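Need the 3D shape of this:
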Amino acid sequence: MIFSLKYPHHLVLQQIKMFSFMLMNYSGYGRLPHMPHKTARTNLTAATRIVVKIGSRALVQRNGRPDTRRMAELVDGISALRRQGREVVVVSSGAIACGLQALGIKKKPTDLPTLQMAAAVGQSRLMAIYERLFARKKYQIAQVLLTHDDLENRRRHLNARNTLLKLLECGIIPIVNENDAVSVDEIRFGDNDTLASRTAMLVEANLLVLLTTVSGFQRADARGRRRKVDFLEGVDAETLSHTDGKGSIFSTGGMASKLTAAAEAARMGSAVVIANGRMNGILEKIIAGAPVGTLIAPVPAANGNGGLNRRRRWVAFFHHAKGHLTVDAGARDALLHHGRSLLPVGIRDVTGHFLRGDLVDIRDRDGTLIARGLTEYSSNEIRLLKGLQTKRILELLGSHAPDELIHRDNLVLHAEA
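Model prediction:
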């Protein structure tokens, strides 16, 4: 994935703070119904649709060259899952590392154009290796390059979903990566852990596997020694406090990134395993229910997707907020406890510049994030309408004007996401 000079620390910390709030304030998220470890492991054997994310550190050698032996081992594992009748989507890092190696650049650049150049050079080389290795196993592959902007746009979001599902239906293995050659901060996922989580949501996978070069999530014991945690019933602020959020020279994601991505995917009904991609037979061991890596249990839900339909899931997870609205206590109560839409009368302040149809965050007067949704009015319009009763707005704008700033169908409470 592409480094941005802005990315590693403040965005990871922002994600941690966001999930800390969500996990501490929603009893169904941070503290899940008890699911014994053995039962959760056994349930993995029934997974029929799996997303496997392979991190850069699991794909390249220390000198930056692609580790074709390790790639061949992982391809063997993926092929074994396919022979069992399971559908597999691969989210693969490594394009930039392949490009830097091909260009003879030994030190990873920090400027975006050079990184984009390396991604453009390396992506075709990475796919050529996969093509050769999967061909030996008699499987076809397909390249799918995405940006956050692709999945934020509703039509392109549905097109991407339909393409992936059709590839799986035809027995083809999609290999997904962020389109690093054109991505900038505004349209990026941030790291491939996030991309993998979104991909799992997009295809409604039973299982998400995040492969790295450590045995799983580790927590310090009373003596300060770090030990692998085999099973997490949920990810909360205390869990995240044991991570540093750092990646490596060839990657952007660290354990904080993986746990944050895992929390999102688990909330939408996918089991998640964080495991060592350099362990031989790792995928076969995971799917057999062996106690490898760290398993994060899926959140039980009546419809298997965290209680959100596909549209509201798209609202919750596939947008960058363009601004935020500050609401009064009455509006906060109406949203959180009465299932209402957001009306202009409850708005106290508007931050940012956005247009109709953009996603905005909704915060209370203390600055706490309580919801997000797609607005029916632009920021300039809301500044004129804030605090007004609906009757007064209809008098000013006519009966065709929307009654709500954000309709309930286009709004997701922060606890739901």
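
now the helices: where do they sit in the stretch 251-400 of the chain?
Counting by DSSP state H, counting those that start in this stretch, the stretch 251-400 of the chain has helices at residues 255-267, 282-287, 310-317, 329-338, 379-385, 390-397.

Buried residues of stretch 352-361, list them for me.
Neighbour-count burial for stretch 352-361 flags 354, 358, 359, 360, 361 (criterion: 16 or more other Cβ atoms under 10 Å). Yep, even glycine has a C-beta here, placed from its N, CA and C like the rest.

Same check on stretch 122-136?
Using 16+ other Cβ under 10 Å as the test for burial, stretch 122-136 gives 122, 123, 125, 126, 127, 129, 130, 133, 134.

Give me the average confidence score over that stretch.
What stretch 122-136 shows for mean pLDDT is 95.

List the contacts of that stretch.
For stretch 122-136, contacts defined as Cβ atoms under 8 Å, 6 or more residues apart in numbering pick out 66, 68, 71-72, 75, 79, 90, 92, 94-102, 140-141, 143, 145, 173, 175, 177, 180-181.

And for stretch 220-227?
218, 219, 242.

what helix or strand does the nearest residue to residue 283 once chain neighbours are set aside sit in?
Spatial nearest neighbour of residue 283, excluding adjacent residues (Cβ to Cβ, 6 or more residues apart in numbering): residue 77 at 3.4 Å. For residue 77, the host element (DSSP states H and E) is helix 68-83.

buried set for that helix?
Buried, per 16+ other Cβ under 10 Å, within helix 68-83: 70, 71, 73, 74, 75, 76, 77, 78, 79, 80, 81, 82.

Next, the buried residues of stretch 318-332.
Judged by neighbour count (16+ other Cβ under 10 Å), stretch 318-332 contains these buried residues: 318, 319, 322, 323, 324, 325, 326, 327, 328, 331, 332.

Select, from these, the two members most distant in space.
Maximum pairwise distance among these (Cβ to Cβ): 28.9 Å, between 318 and 328.

Tell me the first helix or strand C-terminal of the worst-scoring helix or strand of the chain on mean pLDDT.
Of all helical and strand segments in the chain, the minimum by mean pLDDT, DSSP states H and E falls on helix 27-30, at a mean of 36. Next in sequence after helix 27-30, counting helices and strands by DSSP H and E, comes helix 37-43.

what pairs with the helix or strand following that following helix, and is each one parallel or antiparallel?
Per DSSP H and E, helix 37-43 leads on to strand 49-54 as the next helix or strand towards the C-terminus. Sheet pairing of strand 49-54 (DSSP bridges) gives strand 87-92 (parallel), strand 207-212 (parallel).

roughly how far is strand 49-54 from the heart of the chain?
13 Å (Cα atoms, centre = their mean, to the nearest Å).

So for it, mean pLDDT?
97.

Let me know the angle separating that strand from helix 68-83.
Angle, strand 49-54 to helix 68-83, by axes from the mean of the first three to the mean of the last three Cα atoms, to 10 degrees: 180 degrees.

Got phi/psi on residue 56?
For residue 56, the backbone dihedrals (degrees, to the nearest 10) come out as phi -60, psi -40.

Repeat that for residue 375.
phi -80, psi 150.

pretty sure it is touching residue 357, no?
Yes - the pair residue 375 / residue 357 is scored as a contact, 7.2 Å apart, by Cβ atoms under 8 Å.

returning to that earlier point: any of the contacts of stretch 220-227 buried? List them.
Buried, going by 16+ other Cβ under 10 Å: 218, 219, out of these.

Reformat the contacts of stretch 220-227 as JSON lines; add distance to residue 152 and secondary structure.
Shown next, in JSON lines, are the contacts of stretch 220-227 (distance: Cβ to Cβ, whole Å; DSSP: H, G, I helix; E, B strand; the rest coil):
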{"residue": "218", "distance to residue 152": "34", "secondary structure": "strand"}
{"residue": "219", "distance to residue 152": "35", "secondary structure": "strand"}
{"residue": "242", "distance to residue 152": "32", "secondary structure": "coil"}
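
and the least confident of the contacts of stretch 220-227?
Ranking the contacts of stretch 220-227 by pLDDT, residue 242 lands last with 76.
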